[in-house]
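1. any chance you could fold what I've pasted below:
(chains A and B)
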Amino acid sequence: MNEHESFHHPGPSRTETDSPLLALDNLKTHFRTERGLVRAVDGVTLTLNRGEALGVVGESGSGKTVLSRSLMGLLPGSAVTSGSVKFAGQEILDLPMKQRRHLWGAEMSMVFQNPLNSLNPLMKIGKQIAEPLRLHLSMDKANARETAVALLKSVRIPEPERRLNQYPHELSGGMRQRVMIAMALACGPTVLFADEPTTALDVTVQAQILEVIGEQRRDRNMSVVLVTHDLGVVAGHTDQIAVMYGGKLVERAPTKTLFAEMRMPYTKSLLKSIPKLADPSHTRLATITGRPPDLVNPPKGCNFAQRCPYARPKCHVEEPALEPTADPNHVFACWYPVGSPEFTEREAELEAAGYVPATVAGVS
Amino acid sequence: MSDLGMTEADAVGHEDPYPERFLPHEGDQDDKAEKRKLGFAFWLCTAWLVAVIGLAIFAPYLAIKSPNVNFVQPGERPPYSPSGEHWFGTDQDARDMFSRTIYGARTSLTVGFSAIAFGLLVGGTLGLLAGYFRGKIDQIISFGFLSLLSFPALILAILITSLLERSLLTIAITIGILSVAPVGRVSRATTISFADREFVLAARSLGARHPRIIVRELLPNVLIPMGAFSLLGVAIAIVAEGSLAFLGLSVEKGPTWGKIILTASQSSRDLENAPYMAFFPIGVLFLTVLALNFAGDRLRSFFDVRELSL
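-> Have a look, this model is predicted:
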């Protein structure tokens, strides 16, 4: 485990309200493997204010899960982190295990991807929820039980009292994920990391789970980091979206801005890959050809260039930096962004060649 | 039962997408119990084990002949063949084989169970630590297991038993030490399969410390398959005691199954003229080991939590 006992930072306090709750500066998380150094997260800079929801989007292997685990401090021993993560103004990246533990549950907690796996199969629901309450808030048994019922109620689980005495296998997937959320919320964290919380669930249950998370965020003035590969999921539930590709941030913008005027071709491709209800049946699904870049030997130039239909020679040589648009909150890394003359020119060429046109309009 | 199922369906119906038959309600338990049966053979094995263990425990209080008295019948040379008086016959010293088999079970079963208890305590704990912490701790512990496994078991047993007094405790611990590595490796593998699951990470992310995670989250999950596995271990330990007895290295005082079989087959003449002498204890040993193996195997698959939960 990752015990950095040599560092002794004081634990963060909630008194500083002017600074952002979470501020990442050039965060890098690399893994030492036999093949070499895997650059899972490679220089991510962003901020998150109290009460805000940030969506982290990207396909598999783009580093979004590692990003959220780096922030939580739940990385295996082979991970090497650098850069800075400030939580409520305090540096937490190299926090020793003992102090990190005070943050877990009480300040930041996490909801995992697979609700079938994230509850102990041999422990009753009530006990699992009560445990962090007794641990962090030193509640007595009766008090913890009462709070557990209230928590289950708040995530809209019917018959909460009865659930306390049930085992995880007696609940459906959606219910289990709600229990997981209740557990994560038990000690009133200020940040909730939701790592693909709905991927393993039914589409209808997905909406309910996101609803519950959003509701809790508003009620508790809590920040949420929602990690997902589905742009559709984050659309209605976040204030800000960070698009990741190959361990790097390639575009970040307020949600509305991003959907209205995305600049990065990758973001556009992601959005295009969502099947639309309005499409006639048997429409070919839009895909992004190729595979995500090798994180051990990342390509020269722009990470996405090899798969980007709009790439030009420059993209394969020089790496674009994150540049702000007119809106300072909207940054992107691309030489020929959506809307640039080169992009429009290539779009026309592609369209002439029969390439499926990218239609951004009509997607919520 | 049924009205509980109804309330659940009513309460959830409007927002849960699962149709009622998929809803987990009390009825599920019954369905599951119907599908997952331990089976007749399992209960037969259990009955046999209960009978043998019960007889062994209560032997001194039952109307059983003393195992050490010589029931010499005037004018006849022992061994005597099975009769109404001596169900299993007698050995060369005219001692009652039935009572000797039962008294032998006392020692043999005690050795078997306590050896595995020792193996579980030491090997199980080490395996749990190795599987949870991985890294250096795992390397050291796994190296220990491998060295134990590569050391010739018989030489180790002969060494210990010849140096120390051959008491019940010594024999049990000797076999226990030999079981540490196999039990530990299974415990390590089982732990790894659970330690990677998200509920362990979830517990960690809620601020639980290592001891808490090991004891509360992992131990109960690991204990079920380990418990079933150790039944198989008991069977192996009982046979191991038999092998030690054959080398004259088993418990010094009192009969054990291994020692009885040894006495019975000391000379080929005895085996030829009185095969029942060896046959009955061997039969009981065989059936007990078979029952332990089968029951352990059944239990292991029955309590496969992974299957159960999905």
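2. chain A contacts on the stretch 51-200 of chain B?
-> B:F133, B:G135, B:R197, B:E198, B:F199 (Cβ under 8 Å from any Cβ of the partner chain). (C-beta placed from N, C-alpha, C; glycine too.)
3. show me which of those are buried.
-> Among these, those classed as buried by 16 or more other Cβ atoms under 10 Å in any protein chain shown are B:F133, B:R197, B:E198, B:F199.
4. tabulate those (CSV), appending pLDDT.
-> As requested, those are arranged in CSV below (pLDDT from 0 to 100):
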residue, pLDDT
B:F133, 92
B:R197, 86
B:E198, 87
B:F199, 90
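5. make a markdown table from those and add distance to B:I64 and secondary structure to it.
-> Formatted as a markdown table, these follow (distance: Cβ to Cβ, whole Å; DSSP: H, G, I helix; E, B strand; the rest coil):
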| residue | distance to B:I64 | secondary structure |
| --- | --- | --- |
| B:F133 | 51 | helix |
| B:R197 | 51 | coil |
| B:E198 | 56 | helix |
| B:F199 | 51 | helix |
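6. what's the closest of these to A:M97?
-> B:F133 (13.4 Å; Cβ to Cβ).
7. for chain B, what's the nearest residue on the stretch 201-350 of chain A?
-> A:T204 (4.5 Å; Cβ to the nearest Cβ).
8. burial of that residue, as a residue count?
-> A:T204 is flanked by 12 other residues according to other Cβ atoms under 10 Å in any protein chain shown.
9. ok, which stretches of the stretch 1-150 of chain A are helices?
-> Per DSSP state H, counting those that start in this stretch, the stretch 1-150 of chain A carries helices over the ranges A:64-72, A:97-103, A:125-136, A:141-154.
10. relative to B:Q266, which of the ones you listed is closest?
-> helix A:125-136 (59.0 Å).
11. how about the closest one, does it reach chain B?
-> Yes. Residues of helix A:125-136 contacting chain B under Cβ under 8 Å from any Cβ: A:E131, A:P132, A:L135, A:H136.
12. alpha carbons of that helix, as PDB, please.
-> Taking Å, rounded to 0.1, in the frame of the first residue of the first chain, the C-alpha atoms of helix A:125-136 are listed here in PDB:
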ATOM      1  CA  ILE A 125     -27.000  -3.900   4.500                       C
ATOM      2  CA  GLY A 126     -27.600  -2.200   7.900                       C
ATOM      3  CA  LYS A 127     -24.300  -3.200   9.200                       C
ATOM      4  CA  GLN A 128     -22.500  -2.000   6.100                       C
ATOM      5  CA  ILE A 129     -24.000   1.400   6.300                       C
ATOM      6  CA  ALA A 130     -23.600   1.800  10.000                       C
ATOM      7  CA  GLU A 131     -19.900   0.900  10.000                       C
ATOM      8  CA  PRO A 132     -18.600   4.200   8.600                       C
ATOM      9  CA  LEU A 133     -21.000   6.100  10.800                       C
ATOM     10  CA  ARG A 134     -19.700   4.300  13.900                       C
ATOM     11  CA  LEU A 135     -16.100   4.600  12.700                       C
ATOM     12  CA  HIS A 136     -16.000   8.300  11.700                       C
END
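13. interface residues of the stretch 1-150 of chain A facing chain B?
-> For the stretch 1-150 of chain A, the residues in contact with chain B (Cβ under 8 Å from any Cβ) are A:1, A:72, A:74, A:77, A:101-102, A:104-106, A:109-110, A:112-114, A:116-123, A:131-132, A:135-136.
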